[in-house]
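**Student:** Provided below are the primary sequence and the corresponding predicted coordinates.
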There are 2 protein chains.
Amino acid sequence: MTRPASPPPGLADEATLDQVGREGLVAVPGAPTPAHDGSGRVQLSFTVTDGQDRAVRVPPGVTVFDSASWNGIAIDSTCGGHGTCHKCKVRLDVPTPVSRHDRRTFSEGELAQGWRLACLATATQDLAVEVPPLTTRPKAATVGVGRQVILRPAVQKRYVELTEPTLADQRTDLQRLSDAVDDLELRVPLAVLRLLPGVLRDADWKVTAVVVDDELVDVEPGDTTATRYAVAYDLGTTTVVATLLDLGTGTPVAVASRLNKQQPFGGDVITRISATMMDPDALARLQSLAGETLDELAQQVCAEGGVDPTQVYEVAIAGNATMTALALGIDPEPLGVAPFVMSSAHPPVVAAAELGLSLHPRARAVVFPSLGAYVGGDIVAGILATGMDRDKRTRLFIDVGTNCEIVLSDGETVVSTAAPAGPAFEGGAIRCGMRAADGAIEVVRIEADAGTVELGVIGDVEARGLCGSGLVDAVAELVKVGLLDGSGRLVTDEAAAAISPALAQRMEKVGEERVFVLHRPTPESPTAECVYLSQRDVRELQFAKGAIATGWTLLLEELGLTHDDVQQVLLAGSFGSYLSPASAVRIGLVPTLPVLRIVSAGNVAGEGAKMALLSHRERAGAEALLEQVAYVELSDRSDFNDRFIEQLAFPGAQGG
Amino acid sequence: MTRPASPPPGLADEATLDQVGREGLVAVPGAPTPAHDGSGRVQLSFTVTDGQDRAVRVPPGVTVFDSASWNGIAIDSTCGGHGTCHKCKVRLDVPTPVSRHDRRTFSEGELAQGWRLACLATATQDLAVEVPPLTTRPKAATVGVGRQVILRPAVQKRYVELTEPTLADQRTDLQRLSDAVDDLELRVPLAVLRLLPGVLRDADWKVTAVVVDDELVDVEPGDTTATRYAVAYDLGTTTVVATLLDLGTGTPVAVASRLNKQQPFGGDVITRISATMMDPDALARLQSLAGETLDELAQQVCAEGGVDPTQVYEVAIAGNATMTALALGIDPEPLGVAPFVMSSAHPPVVAAAELGLSLHPRARAVVFPSLGAYVGGDIVAGILATGMDRDKRTRLFIDVGTNCEIVLSDGETVVSTAAPAGPAFEGGAIRCGMRAADGAIEVVRIEADAGTVELGVIGDVEARGLCGSGLVDAVAELVKVGLLDGSGRLVTDEAAAAISPALAQRMEKVGEERVFVLHRPTPESPTAECVYLSQRDVRELQFAKGAIATGWTLLLEELGLTHDDVQQVLLAGSFGSYLSPASAVRIGLVPTLPVLRIVSAGNVAGEGAKMALLSHRERAGAEALLEQVAYVELSDRSDFNDRFIEQLAFPGAQGG
């Protein structure tokens, strides 16, 4: 076989990044940016002793530390920006107010010279920032769409050798440990307090503190600092992908995917929500199936990576709002009926064990927040991974699926919406539709002059159906050669014969419906199935792409833009990875722009989950997106239907 | 009746408070205090529109709001000093720095006039504070030793009627609720998020939010604001007392006490610690017995008060460090062996359910912090209840028991220590010793001239033993009449006969040991037991009181004081309540001062626990005590033994 039915994580990511890199379409580190232009952003010009000078633009109110970190500029820090380690010293040309911590760190003279702690200095205007040489070399990892992430996992370990208590030094066990790791603040759960006295004394006061954010989750005998893992999840409705990350190096150790075990309750979110409305036990069952799915994957990646599951201290989960609610055991019913209301945009941080995961007993689960009932945590993770909020180009992010999520940024403002595309892109409601599995036609090329139809079939086997990308390709190619007109009607037999007699022979009738035959039994393969595209299939695709195009059209209007302003389209998700950019343009699924500007972004939800684990600053960035990104509800727009009708036509058609 | 074996809470407290009030020994509200004198305190002069003008002195760094609250001065607030309700407006003669919240509350003109939010204004120098009329009348309760506590429970309820969501208002369920109770910040646990969508819709969006500190612990259908309860515990080694509090009114609803179910593991902390060292299962068993004790009492007070246990949202537990560790399931072994180290001074806030309590499923347990392994949460609660840290007199607090805790304040500095008194005060190691139960001699009066011995016996029954207060009385009376010399030796028969022939007849020998007979069979009661005080009993008492006197002597030295400087002695705990002040002075258990200045403070641990429940500011005060009160370890003092020898003698003796 060649292409897996499920998205190929890891490999796909690298391929995507390569491609993106080649095309030079992502933010290039070091690229000059214009000076502060009253656009609502401020510019920070970093003079970096140990690295390349850089200018970056950020929303006002971001700290200097975050501004640097988000742009891959390293500033010393061991506390990761909590204001406790006093190491992130920078010098500002326009000094910010002096904080309590600044006073404890700098002399009066240094303060007067503009020295401040970067994690406490907020950028409210353009600043020149001098970054002194690093005393430690922070590690960085490339994740997401060309994003450089400086490793600052929430999971931290500190090996300490404590002095034994004496009558002259009766500090409590916890105080003794806290004093030794004084760059971290420690909140201690009862369970750890219970084991602390025994571990300290049994381990002869030589222990490793395991801290997640500010919580002491364990105290391990001896030096265990080398082992520190986390699992990033893309919790899809269909497929769930898990990546085991080594938090010390930022590298993936193992990747696995499997179908979501909730599948028997329905293929999409609406059927699963319906299940909980019909059967009072369904929610508990769906929750437990989500947990089983997540845990099986966790055990699998740990086994493959040779990692003891108890060394996994954190997981991050990016899923749509319904998958998130079901995994947390929250009734999803209000998500499924108007006015589509979530219980909370921000799921609480929970114990991984509470989600059914058998990892470290106090491992934590970070669940991505959602922008709306239909723009969920997977999209927030995608925005993080693509840096939609930190790039000054006008970019359009589209995650195509049964429910299609759309995000638009003009470099200043980010807006998002959801469009109900229906199941066409997943092969649903299509006569010969099927999932992207062996035997599915995924590529179609039609030549009018030669009268030929070339098919790319998953698994290089006999074609037996049409998956989403094949459907888009087939329609786009028929539009290209003129067998489909702009309104989406298959032309008459006469018109077809005028275009190509060979192709016209493929125009048939199945029942009352006209179809275009893509594949049929031949003398060489007499048992082949007949695979065709029907007039109704074309209508289904029109409705699907019309909904999506209406979505981004309204978002463009929201920001006062037209589709000409779009500089890049990011196609997210597994379907986006396989879609032909040319076909997407031809059917009007995306705005008309050069195909090289249409980029498959890969599994961005999983990438965003990785980023959240590798950097607690990026995680904070994801939370901040909820304030920064507006959610636009389309279903109550009076102009939605008019726009929808306008968007049904195919822009790439030869005629009208 | 008689006197119960366990401390009579409630009644005893009131009696104590009466007594204290009569004697005029507690801080009188409104009493003038001297101006700022460089003593390390600052003076705040409150001009109160709705009440009496007051001047109070507090440590620098305390907020104006706390300074008022701790002194019973009401300032408007609904958030209880969290900086969110913006109601605690005051005007200062010397304005403090302007906070972000001040800017949102006041105009520039008002800020210039000195208006500030009291909860954010820190007193760093003497201030005049103008308090505007109250818009709400805060309730106050009198608890502890004459302490006025303004009711600001951590447990708060808000009844809200929410607007239903629409497509134009898709705020999440949680956001909708948070917006309606915007004076509180809400952190929401997963369990509440799970029930939120259902409750809101089933209750037609009319619900009561139950908030403990910043945690939303429940959302109840309809208006339940009238029912809000908490249970305060004095978790003693011997006796556990529970008080059910109505948090709406601050009044106790029911009180119950019972023996600690851990008793079979030993009568004191050391035997219980030893049990955990001998038997690996003992810790779990002791923990579960603590939980059973607490829960039985909770169920009992709820039944007596007619309160549904699920309406109890919080409990506070004040116990010594060992009882605290055992209740939390923390190995107490390091508390029992030098260098006597606690796992943590601050127990984490835990779910009451985790301690075995069947109350509201998310009720919280606030466990008092400890100053040291032998100055535990009961003493911290006692300091809170007696206001040891907020009174400018030199006061000595003594909790007499097997382990005796001593706290000394000179009005500025507070120091504490523990003295190992041994079991004498509980009737242990005393020939005819017994607990304070029916038949125990608790009062002894000896008249040399008349040659009489008068006994007060608990339960008005035939005497059958000697409890702690009887022991102290007996020794003190023998010292008074001269039958015991200053060194603690029973005088010779000849000397005794010279003092009183009748009393000399009571000097006998039991085995090799000389004794003084207090009670014996008579023709009228021929079956009576013989109850006597032996020479060795006197020695036991000398060691016990010697250890205690050494403790307070060293603390006085620590602050550069002598016993003449002591203005008040507070005797805490059940034993303290029954001790005769005159006898305590005569044997040297307390410094020599007028008996009216020796005050029984009652069950101060339980009172402190109540205060923590009635006011989260008082609770913060308890936490702050850990920074303010120094713990002095006596066991490594080179001068301890010398001082101990010095303190063995009886100061009230006629001779030696």
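**Tutor:** Received, thanks.
**Student:** use CA for all of it now, contacts and neighbours both
**Tutor:** OK.
**Student:** Please give the element, helix or strand, for the residue in the stretch 551-656 of chain A positioned nearest to chain B.
**Tutor:** The stretch 551-656 of chain A approaches chain B most closely through A:Asp636 (6.4 Å), counting by CA to the nearest CA. Assigned by DSSP states H and E, A:Asp636 belongs to no helix or strand.
**Student:** ok, and the closest non-adjacent residue to it?
**Tutor:** Distance criterion CA to CA, 6 or more residues apart in numbering or on different chains; nearest residue to A:Asp636, sequence neighbours excluded, is B:Leu167 at 6.4 Å.
**Student:** same deal with A:Asp308?
**Tutor:** Nearest non-adjacent residue to A:Asp308, counting by CA to CA, 6+ apart: A:Cys302, 6.4 Å away.
**Student:** Can you name the residues that contact that neighbour?
**Tutor:** Neighbouring residues of A:Cys302 by CA atoms under 8 Å, 6 or more residues apart in numbering or on different chains: A:244, A:254, A:308-309.
**Student:** So which bits of the stretch 101-250 of chain A are right by chain B?
**Tutor:** Contact residues, the stretch 101-250 of chain A versus chain B (CA under 8 Å from any CA of the partner chain): A:165-168, A:170-175, A:188-190, A:193-198.
**Student:** again, only this time at 10 Å
**Tutor:** Within the stretch 101-250 of chain A, the positions near chain B by CA under 10 Å from any CA of the partner chain are A:164-176, A:187-198, A:201.
**Student:** now, which of the residues you listed lie within strands?
**Tutor:** With DSSP state E as the criterion, strands contain none of those.
**Student:** Quick one, which of those are buried?
**Tutor:** A:165, A:170-176, A:187-198 (16 or more other CA atoms under 10 Å in any protein chain shown).
**Student:** What about those residues, which are in helices?
**Tutor:** A:173-176, A:190-198 (DSSP state H).
**Student:** now those in JSON lines, with pLDDT?
**Tutor:** Shown next, in JSON lines, are those (pLDDT from 0 to 100):
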{"residue": "A:Asp173", "pLDDT": "97"}
{"residue": "A:Leu174", "pLDDT": "96"}
{"residue": "A:Gln175", "pLDDT": "95"}
{"residue": "A:Arg176", "pLDDT": "97"}
{"residue": "A:Leu190", "pLDDT": "96"}
{"residue": "A:Ala191", "pLDDT": "96"}
{"residue": "A:Val192", "pLDDT": "97"}
{"residue": "A:Leu193", "pLDDT": "96"}
{"residue": "A:Arg194", "pLDDT": "96"}
{"residue": "A:Leu195", "pLDDT": "96"}
{"residue": "A:Leu196", "pLDDT": "97"}
{"residue": "A:Pro197", "pLDDT": "96"}
{"residue": "A:Gly198", "pLDDT": "96"}
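**Student:** can you tell me which two in the residues you listed are farthest apart?
**Tutor:** Farthest apart among these by CA to CA are A:Arg176 and A:Ala191. That separation is 17.9 Å.
**Student:** Including distance to B:Gly51, could the ones in helices among the buried ones among the residues of the stretch 101-250 of chain A next to chain B go into JSON lines?
**Tutor:** Below are those laid out as JSON lines (distance: CA to CA, whole Å):
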{"residue": "A:Asp173", "distance to B:Gly51": "47"}
{"residue": "A:Leu174", "distance to B:Gly51": "45"}
{"residue": "A:Gln175", "distance to B:Gly51": "44"}
{"residue": "A:Arg176", "distance to B:Gly51": "48"}
{"residue": "A:Leu190", "distance to B:Gly51": "44"}
{"residue": "A:Ala191", "distance to B:Gly51": "48"}
{"residue": "A:Val192", "distance to B:Gly51": "49"}
{"residue": "A:Leu193", "distance to B:Gly51": "47"}
{"residue": "A:Arg194", "distance to B:Gly51": "49"}
{"residue": "A:Leu195", "distance to B:Gly51": "52"}
{"residue": "A:Leu196", "distance to B:Gly51": "51"}
{"residue": "A:Pro197", "distance to B:Gly51": "51"}
{"residue": "A:Gly198", "distance to B:Gly51": "55"}
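**Student:** Please identify which of the residues you listed is nearest to B:Ala316.
**Tutor:** Checking these against B:Ala316 by CA to CA gives A:Leu190 as the nearest, at 16.2 Å.
**Student:** Tell me the spacing between that closest one and B:Leu596.
**Tutor:** Using CA to CA, to the nearest Å, A:Leu190 is found at 45 Å from B:Leu596.
**Student:** got it, and A:Glu623?
**Tutor:** 63 Å.
**Student:** And the two? Which one has more around it.
**Tutor:** A:Glu623 (19 against 15; other CA atoms under 10 Å in any protein chain shown).
**Student:** Quick one: mean pLDDT over stretch A:628-644.
**Tutor:** For stretch A:628-644, mean pLDDT rounds to 87.
**Student:** swap that for stretch A:135-142, please
**Tutor:** What stretch A:135-142 shows for mean pLDDT is 70.
**Student:** again, but for stretch A:452-470
**Tutor:** 93.
**Student:** roughly how far is it from the heart of the chain?
**Tutor:** Remark: stretch A:452-470 is offset 29 Å from the chain centroid, using CA atoms, centre = their mean, to the nearest Å.
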